[in-house]
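Student: What follows is a predicted structure for the sequence shown.
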Amino acid sequence: MAFESYQLNLKLTEAGYQKVMANGDAMVSLSYIALGSGPGYSVDFRDTRTSLSNEVVRRQIDSHQREEIVDENGNNLARLDFAAIFSDSSSFDVWEIGFFDEAGDLIYIWSSTDEEYAPKRTHIHLVVAMSQYLLFDEEAANITVNDAGLPFELFLQPLKDDFEEKLALTGIITASSVASLTAKYMQDVTDTQLLKDNYDLFKSTTESEIDSLAGQLELERAQRIAESEAIKLLSAQQFAEQESFNISVTSAIASSAAMGIRLNSSIDEERQARLSQLEDSIIREQMFTDQLQNQQDINIKTLATLASITATSMQGTGASI
């Protein structure tokens, strides 16, 4: 059985970043570890790869342990230790490692162009054990592990014995090899600290930008409130002016109506007066006509009387002759 344990600098992929860092409180459960034959390549933070370049074998994580850590700045961190036993018949050199969640998305990835992780040989059990520091608050809060349930203590003593055995075999692990491993470990620690420092700087800068943006938004909000109040005041003035105009129009209409009523009344009175005058004229004309008729009757009677008198006088004169 071969044991390999490293403090690898696993890099969060873009898919992992979106799930772990940019998705609020959504939990991400690491479930599978995959080994690939590479060749090796450089890996960056938020790497856009969604799979290993040449995956050979994948299996569920057998065991893990978690240690909660609070650093000197009060940040809540965590360290995850993973272990998995690869006992299949594949044979290749491991140049790339990937951690996948339950949905099959690649969350963490490791690869190197300098040296392989370990040789994987047929009929030899390869125990892969590694640690990963969760440096971001969101990582520490949102990352869980879904393993096969094996006690992690089963992997600790064999790893310790295997390491001591390799130290005893000078032909396999020399002092320079130990120094090389130590230097590699220290470099990984340095890279991890640099990543954390970069994150702290990014977080500080982002918070400053957020505060500045919040100030600008608050200023714009105050300006918009002032503009809204001015618009409301203008609308109230326009409404008051419209109401005043409506009242004036209503008053004018009422005055016109009253004037029309008075005019109609005057017209009716004038019409009635003229009718009365006409009736008086007709009555007077009738009276004049009656008087004329009476005078004519009188004249006729007078003429008749005169004619009778004349006739009588003529008769008297003839008798005397």
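Tutor: That came through, no problem. Residues are numbered from 1 along each chain as shown.

Student: hang on, Q132 packs against A78?
Tutor: No - in this structure, Q132 is not within contact of A78 by Cβ atoms under 8 Å, at 9.1 Å. Every C-beta, even on glycine, is put in place using the N, C-alpha and C of the backbone.

Student: which residues in the stretch 101-250 of the chain form helices?
Tutor: 137-142, 153-168, 175-320 (DSSP state H, counting those that start in this stretch).

Student: which of the ones you listed has the lowest average pLDDT?
Tutor: The weakest mean pLDDT among these belongs to helix 153-168, with a mean of 55.

Student: So E270 versus S276, what's the distance?
Tutor: Per Cβ to Cβ, to the nearest Å, E270 is found 11 Å from S276.

Student: Also L219?
Tutor: 84 Å.

Student: Over to F86?
Tutor: For F86, the distance to S276 - Cβ to Cβ - is 131 Å.

Student: residue ranges with poor pLDDT in the stretch 1-150 of the chain?
Tutor: 1-7 (pLDDT under 70).

Student: circling back: between Q132 and A78, which has more neighbouring residues?
Tutor: Q132 (23 against 17; other Cβ atoms under 10 Å).

Student: List the contacts of that one.
Tutor: Going by Cβ atoms under 8 Å, 6 or more residues apart in numbering, Q132 touches L8, L10, R79, L80, F82, Y108.

Student: so what's the fifth one bridging to?
Tutor: This points to F82. Bridge pairing for F82 (DSSP bridges) gives the partners H64, M130.

Student: how about it, what does it touch?
Tutor: By Cβ under 8 Å, 6+ apart, the neighbours of F82 are L30, I33, I61, S63, H64, F99, V128, A129, M130, S131, Q132, V145.

Student: Dump the contacts of Q132 into TSV; add distance to A140 as well.
Tutor: Formatted as TSV, these follow (distance: Cβ to Cβ, whole Å):
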residue	distance to A140
L8	18
L10	15
R79	10
L80	10
F82	16
Y108	14
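
Student: from these, which two are the most distant?
Tutor: Using Cβ to Cβ, the contacts of Q132 span at most 13.9 Å, a distance reached by R79 and Y108.

Student: just the contacts of Q132 now: which is nearest G40?
Tutor: Of all those, L8 has the smallest distance to G40: 12.8 Å, by Cβ to Cβ.

Student: Distance of that closest one relative to S87?
Tutor: 21 Å.

Student: Where does N73 fall, secondary structure wise?
Tutor: Assigning secondary structure by DSSP states H and E places N73 outside every helix and strand.

Student: brain fart, L80
Tutor: Going by DSSP H and E, L80 is in strand 76-86.

Student: Toward the C-terminus, what is the element adjacent to that strand?
Tutor: strand 92-94.

Student: Can you name every helix or strand that that following strand contacts?
Tutor: strand 28-36, strand 118-120 (3 or more Cβ pairs under 8 Å, 6 or more residues apart in numbering; DSSP states H and E).

Student: Would you mind finding the most buried of the ones you listed?
Tutor: Greatest average neighbour count among the helices and strands packed on strand 92-94 goes to strand 28-36 (a mean of 21), per mean count of other Cβ atoms under 10 Å.

Student: Can you give the contact residues for it?
Tutor: Residues external to strand 28-36 that are found in contact with it (Cβ under 8 Å, 6+ apart): 16, 19-20, 52-61, 82, 84, 86, 92, 94-102, 104, 107-108, 111, 117, 120, 128, 142-147.

Student: These in strands, which ones?
Tutor: Residues of those located in strands (DSSP state E): 55-60, 82, 84, 86, 92, 94, 96-101, 107-108, 111, 120, 128, 143-145.

Student: hmm, which of these are the buried ones?
Tutor: Among the ones in strands among the contacts of strand 28-36, those buried by neighbour count (16 or more other Cβ atoms under 10 Å) are 56-59, 82, 84, 86, 92, 94, 96-101, 107-108, 111, 120, 128, 143, 145.

Student: Quick check: buried residues in stretch 67-84?
Tutor: N75, L77, A78, R79, L80, D81, F82, A83, A84.

Student: neighbours of the nearest residue to the first one once chain neighbours are set aside, just the number please.
Tutor: By that I understand N75. Distances taken as Cβ to Cβ, 6 or more residues apart in numbering place D137 nearest to N75, at 6.6 Å, with adjacent residues excluded. Number of residues near D137 (other Cβ under 10 Å) recorded here: 14.

Student: Please look at D137 and N73 and confirm they touch.
Tutor: No - counting by Cβ under 8 Å, D137 does not reach N73; the two are 11.3 Å apart.
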